[in-house]
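Asks: Let me see the structure of the following:
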Amino acid sequence: MDALEAIFTRRSIRKYTGDPVSEEDLRTVLEAGMNAPSANNRQPWHFVIVDGRDKLDAMMTVHPYARMLAEAPIGILVVADTSRSPRFFQQDCAAAIENILLAARALGLGTCWTGVYPDEGRVAGLRDVFGIPDPFVPVALLALGHPAEDRGRVERWADAIVHRNAW
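Replies: Next up, the predicted model:
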């Protein structure tokens, strides 16, 4: 699948077949995340691969919108090293996350991005589940797997939000 098709057809997937994701595909999506742009090339991201059922279940108890992990074979917890990028870790990790989502789509995989930071309860809960110390901050939780639904393309072009040379 080419890049534009992946962008235009990427959707949040909440239903998964449960089939395993190959190590090759997992490495590819993580490598895509690691190739994201970051402020001053600080690359503050870390990725916790979660494929143990006990940890996936624990994440669902901490995060109220992570129920899709009941079917997804893999969760990816994106964690920022705030000492590497104290001002821009959110943007840096968001760029890495988007690369992961698009790479997964290009490989025929499904994903769902759920926010963690700045929700203090989710941050504290996931720190506890995974033993994450300061200055590392859980930023987002991604579900990854083979989709059991096809959400199709949605047309999102809106003239009203495009401005040229002035507001």
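Asks: Could you double-check that residue 30 sits in contact with residue 100?
Replies: Yes. Using C-beta atoms under 8 Å, residue 30 makes contact with residue 100 at a distance of 7.1 Å. In short, each C-beta sits where N, CA and C put it, glycine included.
Asks: which one of the two has more residues nearby?
Replies: residue 100 (28 against 19; other C-beta atoms under 10 Å).
Asks: That one: which element?
Replies: helix 89-106 (DSSP states H and E).
Asks: Quick one: mean pLDDT for that helix?
Replies: Across helix 89-106, pLDDT averages out at 98.
Asks: Next secondary structure after it?
Replies: Counting by DSSP H and E, the next helix or strand C-terminal to helix 89-106 is strand 110-115.
Asks: Show me what that following strand is in contact with.
Replies: 10, 12-14, 16, 63, 65-66, 68, 72, 97, 100-101, 104-105, 122, 140-147, 149 (C-beta atoms under 8 Å, 6 or more residues apart in numbering).
Asks: overlap in contacts of residue 30 and residue 100?
Replies: With C-beta under 8 Å, 6+ apart, residue 30 and residue 100 have common neighbours residue 76.
Asks: Could you pull up phi and psi at the residue lying closest to residue 145 once chain neighbours are set aside?
Replies: Excluding the flanking residues, the one nearest residue 145 by C-beta to C-beta, 6 or more residues apart in numbering is residue 16, at 3.7 Å. Here is the backbone geometry of residue 16 (degrees, to the nearest 10): phi -130, psi 150.
Asks: correct me, but residue 16 touches residue 75?
Replies: No. Residue 16 lies out of contact with residue 75 (C-beta under 8 Å); the separation is 11.2 Å.
Asks: Between those two, which contacts overlap?
Replies: Once C-beta under 8 Å, 6+ apart is applied, the residues that residue 16 and residue 75 both contact turn out to be residue 143.
Asks: Does the most centrally placed residue in the chain belong to a helix, a strand or coil?
Replies: Of all residues in the chain, the one closest to the mean position by C-alpha atoms, centre = their mean is residue 142, 3.9 Å from it. On the three-state scheme (DSSP: H, G, I helix; E, B strand; the rest coil), residue 142 is labelled strand.
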